[in-house]
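In: Attaching a predicted model along with its sequence, questions to come.
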Amino acid sequence: MKKTGMSSRTDLHPSKHEAGQAIIIIALGFVVLLAFTGLVVDVARVFVQRGELRRAVDAAGLAATGQFRTGATGAQITQAAINLIRSHGISDPSVIVQTCNLAGTTFNSALCPPPDQPARKLVHVSAKADVSMMFLQLVGIPTVQVAADSTAEAAAVDAVLVLDTSESQAYDPPSAYAYNGDATKGCGPADVGQDNINACIYACNNSLAHPCYPLEKIKEAAKAFVDKMYQGYDRIAVVTYARNSDSPYPLGLSLYDAKNQIDAMRANDHFPGETPGTPCSYLSIPGERWICGSSNPGGALLRASQEFSRPPLRPDALWVVIFLSSGGLNATDRPLSPIGDPLTDLYGFCPPKNPLDLLTRDNPPPCRDQQWSVHHPAPMITMTSPLYDSEDYAFDWATYLGEKPGEHGGGGLGVLVYTIALGQKAVCTTGATYSPGPPVVCGNWNPAYVDLGSNLPNTGELFLRYLAAVGDDGNPATDPCAGFQSGVQCGNYYFAPSGNELLGIFLQIAGRIFTRLSG
């Protein structure tokens, strides 16, 4: 009986041999668990590093195209891509930058456009990097290579410079001196008299020693902007306007020729059809002086809009207009179809202030009513809206240029627009006292120039702010300048007290365009 009891107690406990096997199994289990844990960690490291490399390569592609836009060499573009990938914590990456034909990069014909298409700045960035392993190096795999690639394009710019070349560009508001610092060469009415202004402007147009001012500064700033564009890729056009507007330099030609065209600009020194340097023959005729109006911004915007339909079309490019004006809105194009008013059919929209008295077309402000806040519809074949004036005409073309297609009830072009008001006439009415600010302070307003709806001075600045507002986001109802005082930069609107500030403004706009492309 004792023997049997001892035997049963021995069966309840594992032998030493069995206990040793369990320890081995548990140890192996820990090893396997540790291996799986190490493998998971290594795989996670690979996925994390691969995701980071993809993000880094995408960013490097944008950085490379940004360098491409600045005219950098292939070596500089490649180094920019490498530096940006390293900034993402990727050490010692292997980077290849491919372009169509930029020296210093690897050529890839797939990045070249067809021969009949505009040039494109495509950059393909590929990168490889080694990821150090923690567990796998124990089995002879110290690193795993990850790779990523990205193709980016430097956005093209189609820019139209719309530049005011009216008489105002031959004297510097408010100094009224044609030549910077030379008080004996003024072309302002107070200096030489109304009848002699055109002769003075004609002289400064032809003078190398004393070129017209501030037109000289407009040319300098516009050419500096052109220098920020890139030949064979960006395109630029120049539209000039006084009473008539012209597109002497269309989109698609060389940037060098554009600068030559800017150099050739002349301040308006005669009424169309008359001898340069002579006064407008209608000035001395009561009731017809309005015909001599010399500022047609609506027609200029029409010419600018036509540039974006000039083949070859580039809908993927960033469409930009920079509009510079001294503020006048006193002329329009002729109606496309006769509307029944002989003077309007011949000289453009300038409705009488009193429909019963045609002579009241000359009342200030000439060719504008006092209802900026009320926009009258354009007449069709007959004079259905006798109040349609030069301001309404400019308003309509501003809306078409900036409003996005199909939005806000419009069918516009969606062009990005920046506006620049130059000098006193853009912000203060005739005869007002003036302090350039900012903000600009004007006193002694001429009541005829005050908008009856808003009770605000109806000057060119109101139109330029509207144009900048609709050209900012395509929506005329959103105005970044709402609540801002006169002569203060807001949204896409700038004010230059004189020609001396234009260079900085043009370069600032160029920088904003580049930021918009890179953003």
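Out: That came through fine.
In: which residues of the stretch 201-350 of the chain score low on pLDDT?
Out: Across the stretch 201-350 of the chain, the ranges flagged by pLDDT under 70 are 253.
In: redo that, cut-off 90
Out: Residues of the stretch 201-350 of the chain that meet the criterion pLDDT under 90 lie in 203-204, 207-213, 228-235, 244-256, 283-288, 309-318, 327-328, 335-345, 350.
In: Just the C-alpha atoms of stretch 207-222, please, in CSV.
Out: Provided in CSV are the C-alpha atoms of stretch 207-222 (Å, rounded to 0.1, in the frame of the first residue of the first chain):
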residue,chain,number,x,y,z
SER,A,207,14.3,114.5,-74.9
LEU,A,208,17.0,112.2,-73.6
ALA,A,209,18.4,114.7,-71.2
HIS,A,210,15.0,115.5,-69.6
PRO,A,211,12.5,112.6,-70.3
CYS,A,212,8.9,113.0,-69.2
TYR,A,213,8.4,112.4,-65.5
PRO,A,214,6.9,110.3,-63.9
LEU,A,215,6.7,108.3,-67.2
GLU,A,216,10.5,107.7,-66.8
LYS,A,217,9.8,106.0,-63.5
ILE,A,218,7.0,104.0,-64.9
LYS,A,219,9.3,102.6,-67.6
GLU,A,220,12.0,101.8,-65.1
ALA,A,221,9.6,99.9,-62.8
ALA,A,222,7.9,98.0,-65.7
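In: which residues touch it?
Out: Residues outside stretch 207-222 that contact it (C-beta atoms under 8 Å, 6 or more residues apart in numbering) are 161, 163-165, 169-172, 177-180, 182, 185, 187, 201, 204-205, 238, 262-263, 265-267, 324, 422-423, 498-500, 502-503, 505-507. The way it works is simple: take the backbone N, C-alpha and C, and place the C-beta from them, glycine included.
In: Just those residues: which are in helices?
Out: Among the contacts of stretch 207-222, the residues falling in helices (DSSP state H) are 201, 204-205, 262-263, 502-503, 505-507.
In: Just the buried subset of those residues, written out for ChimeraX, thanks.
Out: Applying 16 or more other C-beta atoms under 10 Å to those, the buried members can be selected in ChimeraX as follows:
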select :201,204,205,262,502,503,505,506
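In: got TSV for the ones in helices among the contacts of stretch 207-222, with distance to residue 435 too?
Out: Output for those, formatted as TSV (distance: C-beta to C-beta, whole Å):
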residue	distance to residue 435
201	27
204	27
205	31
262	31
263	34
502	20
503	23
505	20
506	25
507	26
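In: Let me know the closest of the ones in helices among the contacts of stretch 207-222 to residue 154.
Out: residue 507 (19.5 Å; C-beta to C-beta).
In: Name the nearest residue to that closest one, sequence neighbours excluded.
Out: residue 224 (6.1 Å; C-beta to C-beta, 6 or more residues apart in numbering).
In: And for residue 274?
Out: Nearest residue to residue 274, sequence neighbours excluded (C-beta to C-beta, 6+ apart): residue 281, at 6.4 Å.
In: Next, give me the two most distant ones among the ones in helices among the contacts of stretch 207-222.
Out: For those, the farthest-apart pair by C-beta to C-beta is 201 and 507; their separation is 28.0 Å.
In: quick one, what contacts residue 497?
Out: 423-424, 436-437, 440, 487.
In: so residue 320 bridges to which residues?
Out: In this entry, residue 320 is beta-bridged to residue 159, residue 416, by DSSP bridges.
In: how far does stretch 430-445 sit from the chain's center?
Out: 29 Å (C-alpha atoms, centre = their mean, to the nearest Å).
In: Show residues contacting it.
Out: Here stretch 430-445 makes contact (C-beta under 8 Å, 6+ apart) with 174, 364, 424, 427-429, 446, 449, 457, 484-489, 495, 497-498.
In: Swap in 10 Å and give it another go.
Out: The contact list for stretch 430-445 (C-beta atoms under 10 Å, 6 or more residues apart in numbering) reads 173-174, 364-365, 421, 423-429, 446, 448-449, 456-459, 461, 484-489, 495-498, 501.
In: Which of those are buried, as a ChimeraX select command?
Out: In ChimeraX syntax, the buried subset of these is picked out as below (16+ other C-beta under 10 Å):
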select :173,174,364,365,421,423,424,425,426,427,428,429,449,457,458,459,461,484,486,487,495,496,497,498,501
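In: Okay, and which of the contacts of stretch 430-445 map to helices?
Out: Going by DSSP H, the helices hold residue 461 from those.
In: Regarding residue 419, what is its secondary structure?
Out: Of the three states, residue 419 takes strand according to DSSP: H, G, I helix; E, B strand; the rest coil.
In: How many neighbouring residues does it have?
Out: The number of residues packed near residue 419 is 29, by other C-beta atoms under 10 Å.
In: And the pLDDT for it?
Out: Note for residue 419: predicted pLDDT of 98.
In: Give the full set of residues in contact with it.
Out: Taking C-beta under 10 Å, 6+ apart, one finds 162, 297, 321-325, 398, 426, 460-461, 463-469, 471, 491-495, 509 in contact with residue 419.
In: State the number of residues packed around the residue nearest to residue 274.
Out: Neighbour count of residue 281, defined by other C-beta under 10 Å: 14.
In: residues contacting it?
Out: 271, 273-275, 288, 291-292.
In: Save those as JSON lines, and put in secondary structure and neighbour count too.
Out: Converted to JSON lines, the contacts of residue 281 look like this (DSSP: H, G, I helix; E, B strand; the rest coil; neighbours: other C-beta atoms under 10 Å):
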{"residue": "271", "secondary structure": "coil", "neighbour count": "22"}
{"residue": "273", "secondary structure": "coil", "neighbour count": "6"}
{"residue": "274", "secondary structure": "coil", "neighbour count": "15"}
{"residue": "275", "secondary structure": "coil", "neighbour count": "12"}
{"residue": "288", "secondary structure": "coil", "neighbour count": "18"}
{"residue": "291", "secondary structure": "helix", "neighbour count": "23"}
{"residue": "292", "secondary structure": "helix", "neighbour count": "20"}
